[in-house]
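*Asks:* for reference, the sequence and a predicted model appear below.
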Amino acid sequence: MKVLVAVKRVIDYNVKIRVKADHSDVDLTNVKMAMNPFCEIAVEEAVRLKEKGVATEVVAVTVGPKAAQEQLRTALALGADRAIHIETDERAESLAVAKLLAKVVDEEQPGMVILGKQAIDTDNNQTGQMLAALTNLPQGTFASEVAVDGDKVHVTREIDGGLQTVALTLPAIVTTDLRLNEPRYAKLPDIMKAKKKPMDVKTPADLGVEMASKVSLLKVESPAERKGGIKVASVDELIDKLKNEAKVL
Amino acid sequence: MSILVLADLHEGQLAGATAHVVAAAKAIGGDIDVLVAGEGVQAAAEAAAKLDGVSKVRVADNAVYAHQLAEPMGALLVELADGYTHVLASASTTGKNVLPRLAALKDVSQLSDVLAVDSADTFKRPIYAGNAIATVKSDDALKVITVRTTGFDAVGDGGSATIEAVDTVVDNAQSSFVKQELAESDRPELGGAKVVISGGRGMGNGENFKLLDGIADKLGAAIGASRAAVDAGFVPNDMQVGQTGKIVAPELYIAVGISGAIQHLAGMKDSKVIVAINKDDEAPIFQVADYGLVGDLFEILPELEGKL
């Protein structure tokens, strides 16, 4: 079974973001970029499926600018066999990305596609579900466990209040939640080897997908800053303040 | 304008989130219908009909919609969405699972986690884990939106909507429900609780989380945790409050032994009153807390429980 894994280049999760002075967007100049953490988990899961003998080939794909090839090289260093870069400098909305990935699914015919449940920049949590709908495939979102069993996959999902397990026919779309696995670090020899692994570059036009979206970003602002309050000296003072000042008790 | 709200269910009953989504629909304005889909959901439909501002409740009661699996729910919404200008659901794990399928099949974008309505086509939503707020405008004919419930005060009862059965039955051979394990608790759900008390790495181990129980019982609070406490294996992930866990905005949030990493603040900084209890008086949590108490939580917690 071939596994397709989608990754996204985003601002590193440790970086404190700044909003541009003209409020047009978040400032990404000279900011450290990295693979989206949920995508790292997706790559790890795909590689583990290969190590278990369930997957025969792992193909990594990304949609983004030329620099996003860094994240594909990371995926290759972590164990993906080859990569597909869909190169575009345009703002890639979830729907357009899902359409592009659907074209790749059509060409590659994977048995499973694994994606992060959301990217930590736009926090949309949409692409996997949209891809599933466009390819008419079942989806196991927010996965904390993935178990392939013959022509089915059992996906345990993190839902509000607990866990839910669903059985899906293959091929299927899986999106990762935090507890699915702990991603490994790439070793230096693997990083060197990754440079020689094959990478295809295509454009949205090659795949016949229009990137334009009907959603426009009007403004980006910093959230209202919360001011620190006071320190209280004792439990008695705390209870008094909560009762008589904040009136929440 | 005509709005369809997908009702959230919890074990077959109407979940509290729905009243918040109806509030968001009222802020947009127009006729509001609520879709209740599941198996054995008549009581939920009757509860939805009482929500203030709802004109019609549409009930799809069929085994294929049990557990609200994404594939049949998406297909049902595609059938029902015609004639509506907006389809809304809460940004629960169900709403997030189902709505993007509708959007993709209708070839429209989705706006996720909307926390304010500027107009019928312009909304505010958090990006970068709430560290920035984007104002976005959608020119799609159908607007598909998930709503962050903490952004909208729940509507009350007092409505008397008509209830109408939906006969649409879709096929689903692709997915099936296997099992569900919901955490058993008499406490309120994290997302909807008026008081939340959370423990962090400072709790030391999972056993010590019991120190929060008595206080939670007295305050009717839900118990949460920081990512650090989850990563350390003290408590399960469904208790996590933060960027990668639950977003909460209760009347009172008590952070115990939590340093206040950006990722945790993203999940609770919209709480009305924040109390921090921590032995490190330099901990960043004190910068957002209304009331900070520096000290040993193992002494403070029993004292607090005794005096409440």
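*Replies:* All right, it came through fine.
*Asks:* what number of residues lie near A:Leu249?
*Replies:* 17 (other Cβ atoms under 10 Å in any protein chain shown). (Glycine included, C-beta is placed from N, CA and C.)
*Asks:* hang on, I meant B:Leu51
*Replies:* 27.
*Asks:* what does B:Asp280 give?
*Replies:* Residues lying near B:Asp280 (other Cβ under 10 Å) number 13.
*Asks:* wait, isn't it in contact with B:Ile258?
*Replies:* No: in this structure, B:Asp280 is not within contact of B:Ile258 by Cβ atoms under 8 Å, at 10.6 Å.
*Asks:* tell me where chain A has strands.
*Replies:* With DSSP state E as the criterion, chain A has strands at A:2-7, A:9-11, A:33-35, A:57-64, A:82-87, A:112-116, A:139-149, A:152-159, A:162-169, A:172-176, A:199-202, A:215-221, A:230-232.
*Asks:* in the second one, what's buried?
*Replies:* When neighbours are counted by 16 or more other Cβ atoms under 10 Å in any protein chain shown, the buried residues of strand A:9-11 are found to be A:9-11.
*Asks:* check the longest one too.
*Replies:* Under the neighbour-count criterion of 16+ other Cβ under 10 Å, strand A:139-149 has A:139-146, A:148 buried.
*Asks:* touching that strand from outside, list them.
*Replies:* Around strand A:139-149, the neighbours that count as contacts under Cβ atoms under 8 Å, 6 or more residues apart in numbering or on different chains are A:1, A:45, A:49, A:54, A:112, A:114, A:117, A:128-129, A:132, A:153-159, A:163, A:165-166, A:168, A:170, A:172-180, B:70-71, B:93, B:96-97, B:101, B:175, B:237.
*Asks:* closest one to B:Leu219 among the strands of chain A?
*Replies:* Nearest to B:Leu219 among the strands of chain A is strand A:230-232; the distance by Cβ to Cβ comes to 17.3 Å.
*Asks:* hmm, who's touching the helix or strand of chain B with the lowest mean pLDDT?
*Replies:* Lowest on mean pLDDT, DSSP states H and E among the helices and strands of chain B sits helix B:262-268, with a mean of 88. The contact list for helix B:262-268 (Cβ under 8 Å, 6+ apart) reads A:16, B:129-131, B:196, B:198, B:200, B:226-228, B:240-249, B:253, B:255, B:258, B:274, B:284-285, B:288.
*Asks:* let's see which of these end up in strands.
*Replies:* Within the contacts of helix B:262-268, residues falling in strands by DSSP E are B:196, B:198, B:253, B:255, B:274.
*Asks:* could you find the closest non-adjacent residue to the third one?
*Replies:* The one in question is B:Tyr253. Distances taken as Cβ to Cβ, 6 or more residues apart in numbering or on different chains place B:Ser271 nearest to B:Tyr253, at 3.7 Å, with adjacent residues excluded.
*Asks:* returning to what we had before: between the ones in strands among the contacts of helix B:262-268, which sits nearest chain A?
*Replies:* Minimum distance to chain A across those is 7.9 Å, recorded for B:Ile274 (Cβ to the nearest Cβ).
*Asks:* the closest one and B:Val256 touch, don't they?
*Replies:* No: at 11.8 Å, B:Ile274 does not count as touching B:Val256 under the criterion of Cβ under 8 Å.
*Asks:* low-confidence ranges in chain A?
*Replies:* Residues of chain A that meet the criterion pLDDT under 70 are absent altogether.
*Asks:* please redo it, this time with the cut-off set to 80
*Replies:* Counting by pLDDT under 80, chain A contains low-confidence residues at A:14, A:161, A:225.
*Asks:* what's opposite A:Ala172 in the beta bridge?
*Replies:* Judged by DSSP bridges, the bridge partners of A:Ala172 are A:Met112.
*Asks:* for it, what are its contacts?
*Replies:* Residues in contact with A:Ala172, defined by Cβ under 8 Å, 6+ apart, are A:112-113, A:132, A:137-140, A:153, A:155.
*Asks:* which of the residues you listed lies closest to chain B?
*Replies:* Nearest to chain B out of the contacts of A:Ala172 is A:Pro138 (Cβ to the nearest Cβ; 3.8 Å).
*Asks:* surely the closest one and B:Gln174 touch.
*Replies:* Yes: contact status for A:Pro138 versus B:Gln174: in contact at 3.8 Å, counting by Cβ under 8 Å.
*Asks:* what about the contacts of A:Ala172, which one has the most neighbours?
*Replies:* Greatest neighbour count in those, by other Cβ under 10 Å, goes to A:Ala132: 34 neighbours.
*Asks:* so it touches B:Arg101, yeah?
*Replies:* Yes: using Cβ under 8 Å, A:Ala132 makes contact with B:Arg101 at a distance of 6.6 Å.
*Asks:* shared neighbours, these two?
*Replies:* Counting by Cβ under 8 Å, 6+ apart, the common neighbours of A:Ala132 and B:Arg101 are A:139, B:70-71.
*Asks:* could you dump those to TSV with distance to B:Ala154?
*Replies:* As requested, the shared contacts of A:Ala132 and B:Arg101 are exported to TSV (distance: Cβ to Cβ, whole Å):
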residue	distance to B:Ala154
A:Gln139	30
B:Ala70	26
B:Glu71	30
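*Asks:* so which of those residues is the closest to A:Val201?
*Replies:* Nearest member of the shared contacts of A:Ala132 and B:Arg101 to A:Val201, counting by Cβ to Cβ, is A:Gln139, at 28.2 Å.
*Asks:* could you measure from the closest one over to A:Asp106?
*Replies:* Look at A:Gln139 and A:Asp106: by Cβ to Cβ, to the nearest Å, they are 17 Å apart.
*Asks:* could you list the low-confidence segments of chain B?
*Replies:* When residues are selected by pLDDT under 80, those of chain B lie in B:183-186, B:191-192, B:243-245.
*Asks:* spatially central residue in chain A, please.
*Replies:* Geometric centre of chain A, nearest residue: A:Gly116, 3.1 Å, by Cα atoms, centre = their mean.
*Asks:* excluding chain neighbours, give the residue nearest to that one in space.
*Replies:* Per Cβ to Cβ, 6+ apart, closest to A:Gly116 is A:Phe38, 2.7 Å.
*Asks:* near that neighbour, how many other residues are there?
*Replies:* Each residue near A:Phe38 was counted by other Cβ under 10 Å, and the total is 25.
*Asks:* my read is that it contacts A:Asp121, right?
*Replies:* No: under the criterion of Cβ under 8 Å, A:Phe38 is not in contact with A:Asp121, lying 11.5 Å apart.
*Asks:* can I get the strands of chain A in TSV including distance to B:Gly29?
*Replies:* Below are the strands of chain A laid out as TSV (distance: least, Cβ to Cβ, whole Å):
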stretch	distance to B:Gly29
strand A:2-7	38
strand A:9-11	36
strand A:33-35	41
strand A:57-64	36
strand A:82-87	40
strand A:112-116	36
strand A:139-149	32
strand A:152-159	32
strand A:162-169	35
strand A:172-176	34
strand A:199-202	44
strand A:215-221	20
strand A:230-232	42
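*Asks:* wait, which of those is closest to B:Val117?
*Replies:* Closest approach to B:Val117 among the strands of chain A is made by strand A:215-221 (13.9 Å; Cβ to Cβ).
*Asks:* any idea how far B:Gly158 is from the closest residue to B:Asp157 other than its chain neighbours?
*Replies:* Nearest non-adjacent residue to B:Asp157, counting by Cβ to Cβ, 6+ apart: B:Lys50, 4.5 Å away. Per Cβ to Cβ, B:Lys50 is found 7 Å from B:Gly158.
*Asks:* please identify which of those two sits among more neighbours.
*Replies:* For B:Lys50 versus B:Gly158, neighbours defined as other Cβ under 10 Å are more numerous around B:Lys50 (17 against 9).
*Asks:* show the contacting residues for the more buried one.
*Replies:* B:157-161.
*Asks:* next: B:Gly200.
*Replies:* Contacts for B:Gly200 were tallied using Cβ under 8 Å, 6+ apart; they are B:225-226, B:228-229, B:255-259, B:264.
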